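*Asks:* Could you work out the structure for the sequence below:
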Amino acid sequence: MELVGDHLKGAVAFYEWTLTFADKRVADWPLMQSPLPTLAISSLYLLFVWLGPKWMQNREAYQLRVPLIIYNFAMVLLNLYIFLELFLGARAAVYSYICQPVNYTDDVNEMRIASALWWYYVSKGIEYLDTVLFILRKKFNQVTFLHVYHHATMFTLWWIGIKWVAGGQSFFGAHINSMVHVVMYTYYALSAFGPKMQPYLWWKRYLTIIQMVQFHLSTFHTGYSLYVDCPFPKWMHWSLIAYSVSFILLFADFYYRTYMKARREAGAIGAAGKRSRGDRTLARDAAAAAAKNGALADDLSSGADGPRRGGVRANGGRPAAPDGKAHADRAAANGRPSQQPSASSGGKKQKAKAKKE
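*Replies:* Numbers count the residues shown, from 1 in each chain. As a prediction, the model looks like this:
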């Protein structure tokens with residue numbers, strides 16, 4: 001316990017030291033006085049991710065079409081507001097897209113950018129509802145590792161970003177990401193209308209590509225800033241690079257499994273289906289041929305006086321007298337009583353005929 005206490009004291013001392021160079025402008029803003037509220041919200045989120053599916057297991061999925069439409073369009077508007085505020089604020093402050101140090105003054109444009117970044121951080125907390133709505137609708141397959149990793153980390157990491165660097169280079173990633181989220185939440189809002197909208201949502205797969213492009217851009221932008229030795233906190237630069245690379249790998253894996261691998265597997269199944277249908281056709285043809293040959297064999301073996309020639313029996317064209325035993329066997333096999341005349345009845349008929357003559 002003493003060792004744990006020492007580590008806690010060390011962590012507190014380190015945090016207090018970092019506060020000496022934190023952004024004083026945001027010190028009194030909501031949720032910014034301490035990391036505890038953000039950590040508590042994130043912990044509750046992870047707890048719901050774990051317990052939510054268990055709680056919903058024996059319950060019917062909630063039908064939340066109207067709340068989904070409202071929520072997604074609200075997120076479209078919020079992200080559009082953040083995008084425009086960052087764009088207009090950066091333009092008014094003459095920001096550089098290559099290297100922009102943090103300006104910690106109370107300049108109106110800098111405060112506008114800091115405020116937009118704070119709203120961006122808040123939006124990451126609101127996005128926890130994405131997961132909540134998935135679980136309540138029992139869309140458990142949507143709650144992947146990538147999904148949870150993205151949501152659980154963004155809110156916490158952007159608290160750090162706002163606390164120490166609410167401006168400068170930080171605007172670039174938030175600027176791009178907010179625009180991507182406008183497109184993404186537009187898709188979610190439209191898909192919430194149901195199957196009738198599906199023909200117009202053919203561009204779904206491009207959402208993943210857009211997200212991968214934004215992370216590549218963020219990595220390149222941060223790497224170039226390090227290359228030109230931009231006077232922006234190095235620890236933040238390296239953190240952004242590591243974080244962006246993790247998303248590139250995860251989104252690339254998601255895209256491969258969801259689209260490329262699935263398409264190949266579907267093609268393999270289709271080819272197997274064609275082969276199977278071909279085999280069934282051959283089997284049917286073989287069975288038909290066998291049945292035909294069997295019928296012909298029965299036909300050939302039914303003549304007591306020899307085979308047919310050209311469809312006529314060899315006994316001068318008259319039908320051969322049926323073999324009594326074969327006839328009886330076939331009749332018994334078909335479940336019918338034998339109609340084969342007996343030898344005695346045949347003899348009586350012949351005697352009657354002779355007498356008449």
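
*Asks:* buried ones in stretch 93-113?
*Replies:* Neighbour counts over stretch 93-113 (16 or more other CB atoms under 10 Å) mark 93, 95, 99-100, 102-104, 109-113 as buried. The C-beta positions use only the backbone N, C-alpha and C, and glycine is treated the same way.

*Asks:* Tell me which of those fall in strands.
*Replies:* Nothing among these maps onto strands, per DSSP state E.

*Asks:* Taking those residues together, which two end up most distant?
*Replies:* Farthest pair in the buried residues of stretch 93-113 (CB to CB) is Cys99 and Met111. Separation: 21.2 Å.

*Asks:* ok, back up a step: any chance of the buried residues of stretch 93-113 in JSON lines, plus pLDDT and distance to Lys9?
*Replies:* Listed next are those as JSON lines, based on pLDDT from 0 to 100; distance: CB to CB, whole Å:
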{"residue": "Ala93", "pLDDT": "95", "distance to Lys9": "41"}
{"residue": "Tyr95", "pLDDT": "95", "distance to Lys9": "41"}
{"residue": "Cys99", "pLDDT": "93", "distance to Lys9": "38"}
{"residue": "Gln100", "pLDDT": "94", "distance to Lys9": "37"}
{"residue": "Val102", "pLDDT": "94", "distance to Lys9": "30"}
{"residue": "Asn103", "pLDDT": "94", "distance to Lys9": "35"}
{"residue": "Tyr104", "pLDDT": "95", "distance to Lys9": "30"}
{"residue": "Asn109", "pLDDT": "96", "distance to Lys9": "41"}
{"residue": "Glu110", "pLDDT": "97", "distance to Lys9": "36"}
{"residue": "Met111", "pLDDT": "97", "distance to Lys9": "36"}
{"residue": "Arg112", "pLDDT": "97", "distance to Lys9": "39"}
{"residue": "Ile113", "pLDDT": "97", "distance to Lys9": "36"}
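
*Asks:* Save these as TSV, and put in distance to Glu127 too.
*Replies:* Formatted as TSV, these follow (distance: CB to CB, whole Å):
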residue	distance to Glu127
Ala93	27
Tyr95	26
Cys99	30
Gln100	26
Val102	25
Asn103	28
Tyr104	28
Asn109	27
Glu110	26
Met111	25
Arg112	23
Ile113	21
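
*Asks:* any idea how far the residue nearest the centre of the chain is from Leu146?
*Replies:* Note on the chain: the residue nearest the mean C-alpha position is Thr258, at 5.5 Å, using CA atoms, centre = their mean. Going from Thr258 to Leu146 by CB to CB, to the nearest Å gives 10 Å.

*Asks:* hmm, back to that, which residues touch the residue nearest to the centre of the chain?
*Replies:* Remark: with contacts taken as CB atoms under 8 Å, 6 or more residues apart in numbering, Thr258 is in contact with 205, 208.

*Asks:* which residues does the residue nearest to Tyr224 when sequence neighbours are not counted contact?
*Replies:* Using CB to CB, 6 or more residues apart in numbering and skipping the chain neighbours, the partner closest in space to Tyr224 is Ile98 (6.8 Å). Contact analysis of Ile98 by CB under 8 Å, 6+ apart lists 224-225, 228, 230.

*Asks:* which ones among those residues are found in helices?
*Replies:* 224-225 (DSSP state H).

*Asks:* State the mean pLDDT of the helix or strand containing Ile82.
*Replies:* Taking DSSP states H and E as the criterion, Ile82 maps to helix 65-92. Across helix 65-92, the average pLDDT comes to 97.

*Asks:* Return the set of buried residues in it.
*Replies:* 68-69, 71-73, 75-76, 78-83, 85-87, 89-90.

*Asks:* What helices and strands are in contact with whatever helix or strand Ala116 lives in?
*Replies:* Following DSSP H and E, one finds Ala116 within helix 108-126. For helix 108-126, the packing partners by 3 or more CB pairs under 8 Å, 6 or more residues apart in numbering; DSSP states H and E come out as helix 65-92, helix 145-164, helix 170-191.

*Asks:* go with 10 Å
*Replies:* Contact here means 3 or more CB pairs under 10 Å, 6 or more residues apart in numbering; DSSP states H and E; on that basis helix 108-126 packs against helix 36-56, helix 65-92, helix 145-164, helix 170-191.

*Asks:* Of the ones you listed, which is nearest Tyr200?
*Replies:* helix 170-191 (7.0 Å).

*Asks:* What are the buried residues along the closest one?
*Replies:* The neighbour-count check on helix 170-191 (16+ other CB under 10 Å) flags 170-182, 184-191 as buried.
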